[in-house]
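Student: Starting from these lines, generate the structure:
(2 chains)
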Amino acid sequence: MTTTDLPPPGELPEIAVDPAAFRHLADAQVNVELDTGDMVLNIGPQHPATHGTLRLVVRLDGERVVSADPIIGYMHRGYEKLTEFRTYPQITTLINRIDWLSSFANEVPFIDAAERLMAIEAPPRAQYLRTILTELSRIATFVLFLGEMGLQVGAITPAFYGFRDREYVLNLIEAVTGGRFHPNFNRIGGIKDDLPWGWISECRGVMNKVLASCDEFDDLVVGNPIFQKRTRSIGIIPQELGAAYGVSGSNLRASGVDWDLRRDGPDYLVYNELDWKVWTHPDGDSFSRYWVRLQETRESARMVLQMLDQLPSGPLMAKVPRIIKVPEGEVFVNTENPLGEMGYYVISKGATGPFRTKIRSASFSNVSILPWLLRGVYVPDIVTILASLYFILGDIDR
Amino acid sequence: MADSAATEAVPELREQAADALARLQAELGDEIVEHAGAFGDVVVRVRRDAWRRSAQVCKEQLGCDYLSFVAGIDWMPTPAVAEEGSGDTSTPAQPKEQTYGAAGSDGRYQLFALVESTRRKSWRVILKTDLPEDDLHVDSWVAVYPGADWHEREAWEMYGFVFDGHPSLRHLYLPSEFEGHPLRKDYPLLAREVKPWPGLVDVEPMPGEPDDGEAAGDVAGAGGDSA
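Tutor: Have a look, this model is predicted:
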């Protein structure tokens, strides 16, 4: 066909193109010769690799994923709306339940936001106790991950180790706050209560146990060739893309981004008084996410030991009015939670409750990269990738 | 951390925020409507037609490579749930007049977003833009920050904002047949409408205080066992 045979512009014949016929060519270079047709597989709403109810609709070509669409909202509780109907002290009960594995760490940014608006600063001992309890909830969250990630690739033993260590840490949290999962222990202006007798020495013992079992995880899981085969170069998140998706926390540090809000954000708690290190891994795959969390568990345990040594004495509460009215203003406070960046944008109009609270939760953004990340992977790798991203459904659905 | 810190004034703009603001002003010029400080952070309100360009400037010129969130605000005053003096303390009473937060607003609906840098310490910008009530369209950020996808879907279902250029605006949290925009202030919280505030039952006069019979009128008999 020469150029003269072409119809003049504007009269080109319409060619019906079925985009579905090309989708698997564009999205994954698989089975070009053997077109077997796509198959839609529903993973979930209940799935052992997820903490809660996440449904994943994956379109498969053979064993490879052509496209994945996470369906969320099964646990949506409407916390942003509910905060408009609660007073500030009541809201901490709600936000305990956003990321239920590390409830104490959830409270910190919200209380911090309210304190900044009210120009109150918690006394040093309260700040130390907050930091200790935040790091303890980080350890409790991470040791569970360290065990469960093994479970997802078929190793059962680490899961028992993980639950055992988590129990030690939860017992510590319970001894201080009275609650294993939902401490609700932060108050605007400080913290509710002091440490019980003998707690410090017990905590030292548990931290040493955690450090020892981190070495066990190192041998048992990280050094395990089967585990490495299942996780190395699986689910790689590139740095720039991860950041543009809002992936944060250990997931982003595992992609080589040296960014930790405890060090790089506006100052909060007492992290700048401690000697610690931010761990990164250049690979960005499932394995490096495991490795980074393992190092961070150790780092947190060392931080707790340091804080126990230099714990200041003094009051636990600043002077706070009996009825808490927060002056007009808006503030954004974000902190490095176990799962990533947790932030509250609090808009106050001078009432006893906020006018609007935007809750920025870590897992929401961490999971929003899944449609990109799961493209072209094999079905069994979905499980390892989901497990290595480590999200809590309450943190996605809020 | 000293006790005196409580009385110290919070700086309006952190050093980094002032720097970021100066660069944004050089890039965007009169596309910035207003700016303000919010506890050290800078809040920049841009014109609606510059919404996507401001994201590009933040990402490419300011090095804000990380998208924290995109969300909506409805500045309409909260409709009172309980009558005044009824003793219903279930909902904090908000001011009745429509006021706006940092950097102001032209009307009821506003979109705001926060971008951060993963390379510079405390380097972040809060962007805002106003959406007129009769035309809730705004450019999507998905082409700049792919992570805006879910955030914009959330703002679409919760506020009804329409993001032009978004690949698939559909429900995120709510079932697909859901009607209404729950985070708008005129959308009632149904639990408060259908059930009386359970806190009312617990209202008992403090020891030694006279029972005024107004606020706790229905439960005055509960104090009888103290006799």
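Student: When you work out contacts or count neighbours from here on, use the C-alpha atoms and nothing else.
Tutor: Will do.
Student: Could you pull out the helices in the stretch 201-350 of chain A for me?
Tutor: Per DSSP state H, counting those that start in this stretch, the stretch 201-350 of chain A carries helices over the ranges A:225-231, A:239-245, A:250-253, A:261-264, A:286-309.
Student: which residues of chain B fall in strands?
Tutor: Taking DSSP state E, the strands of chain B run over residues B:32-38, B:41-46, B:66-74, B:109-116, B:124-131, B:137-139, B:162-164.
Student: B:Pro95 contacts A:Lys349, doesn't it?
Tutor: Yes. The pair B:Pro95 / A:Lys349 is scored as a contact, 7.1 Å apart, by Cα atoms under 8 Å.
Student: Settle it for me: which of the two has more neighbours?
Tutor: Using other Cα atoms under 10 Å in any protein chain shown, the more surrounded residue of B:Pro95 and A:Lys349 is A:Lys349, with 22 against 15.
Student: what's the closest non-adjacent residue to the more buried one?
Tutor: What sits nearest to A:Lys349 in space, not counting adjacent residues and going by Cα to Cα, 6 or more residues apart in numbering or on different chains, is A:Glu328, at 4.4 Å.
Student: Same question for A:Thr357.
Tutor: Counting by Cα to Cα, 6+ apart, A:Thr357 lies nearest to A:Val346, which is 4.7 Å off, once chain neighbours are set aside.
Student: remind me, longest helix of chain B?
Tutor: Taking DSSP state H as the criterion, chain B has its longest helix at helix B:15-28.
Student: That one: which residues count as buried?
Tutor: Within helix B:15-28, the residues that count as buried by 16 or more other Cα atoms under 10 Å in any protein chain shown are B:16-18, B:20-21, B:23-24, B:27.
Student: Does chain A have contacts with stretch B:20-40?
Tutor: Yes. Counting by Cα under 8 Å from any Cα of the partner chain, chain A is contacted by stretch B:20-40 at B:38-39.
Student: How about residues contacting that stretch?
Tutor: The contact list for stretch B:20-40 (Cα atoms under 8 Å, 6 or more residues apart in numbering or on different chains) reads A:116, A:329-331, B:10-14, B:17, B:42-47, B:50, B:54, B:57-58, B:62, B:102-104, B:123-125.
Student: Which strands and helices lie in contact with the host helix or strand of A:Ala175?
Tutor: Applying DSSP states H and E as the criterion places A:Ala175 in helix A:157-177. Other elements packing on helix A:157-177 under the criterion 3 or more Cα pairs under 8 Å, 6 or more residues apart in numbering or on different chains; DSSP states H and E are helix A:124-152, helix A:199-217.
Student: Follow the chain on from it and name the next helix or strand.
Tutor: Going down the chain from helix A:157-177, the next helix or strand is strand A:186-187, by DSSP H and E.
Student: ok, B:Cys58 touching B:Leu67?
Tutor: No. The criterion here is Cα under 8 Å, and B:Cys58 misses it with B:Leu67 at 10.2 Å.
Student: so what sits against both of those two?
Tutor: With Cα under 8 Å, 6+ apart as the test, B:Cys58 and B:Leu67 both reach B:Val115.
Student: mind checking pLDDT for the closest residue to B:Val162 other than its chain neighbours?
Tutor: In this structure, B:Val162 finds its nearest non-sequential neighbour in B:His137, 4.7 Å apart by Cα to Cα, 6+ apart. What the model reports for B:His137 is a pLDDT of 89.
Student: what sits against B:His137?
Tutor: B:His137 neighbours (Cα under 8 Å, 6+ apart): B:131, B:161-164.
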